[in-house]
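Engineer: Next input, structure requested:
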Amino acid sequence: MARHCQLTGKKANNAFSISHSHRRTKRLQEANLQEKRVWWPQGKRWVKLRLSTKAIKTLQTKGLEAMAKEVGLNLNKC
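Structural biologist: Residues are numbered from 1 along each chain as shown. As a prediction, the model looks like this:
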């Protein structure tokens, strides 16, 4: 499974790690991903998703059905 959020599409970002002497080495800034079980009222079941913490916060306001529709995610296959 790819390391990206299933609802927002967030993924790793290329960045530099800068030392005290200001040497730069490449590193990855990974998204803060969590395995989350979310209740899907229309399907009357739990759906297991890999979400970023930002997506979990947005999910509480928008709702699962609306966010999945924006992205084009089929909740029946999750």
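Engineer: Now do the SS call for the residue of the chain most remote from its centre.
Structural biologist: Within the chain, S21 marks the point farthest from the mean C-alpha position, 34.6 Å out by C-alpha atoms, centre = their mean. Following DSSP: H, G, I helix; E, B strand; the rest coil, we place S21 in the coil state.
Engineer: Which residue ranges of the chain form strands?
Structural biologist: 13-18, 24-29, 33-40, 45-52 (DSSP state E).
Engineer: any idea which of those strands is most buried?
Structural biologist: Highest mean neighbour count among the strands of the chain (mean count of other C-beta atoms under 10 Å): strand 45-52, with a mean of 17. All C-beta spots, glycine's among them, are computed from the backbone N, C-alpha and C.
Engineer: Pull the distance from that one to the chain's centre.
Structural biologist: Chain-centre distance of strand 45-52: 10 Å, with C-alpha atoms, centre = their mean, to the nearest Å.
Engineer: swap in stretch 53-61?
Structural biologist: 9 Å.
Engineer: Output it as PDB, restricted to C-alpha atoms.
Structural biologist: This file holds the C-alpha atoms of stretch 53-61, laid out as PDB (Å, rounded to 0.1, in the frame of the first residue of the first chain):
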ATOM      1  CA  THR A  53      -4.400  13.600  10.900                       C
ATOM      2  CA  LYS A  54      -5.600  16.700   8.900                       C
ATOM      3  CA  ALA A  55      -8.000  14.500   7.000                       C
ATOM      4  CA  ILE A  56      -9.400  13.100  10.300                       C
ATOM      5  CA  LYS A  57     -10.100  16.600  11.600                       C
ATOM      6  CA  THR A  58     -11.800  17.600   8.300                       C
ATOM      7  CA  LEU A  59     -13.800  14.400   8.300                       C
ATOM      8  CA  GLN A  60     -15.500  15.400  11.500                       C
ATOM      9  CA  THR A  61     -16.800  18.600   9.800                       C
END
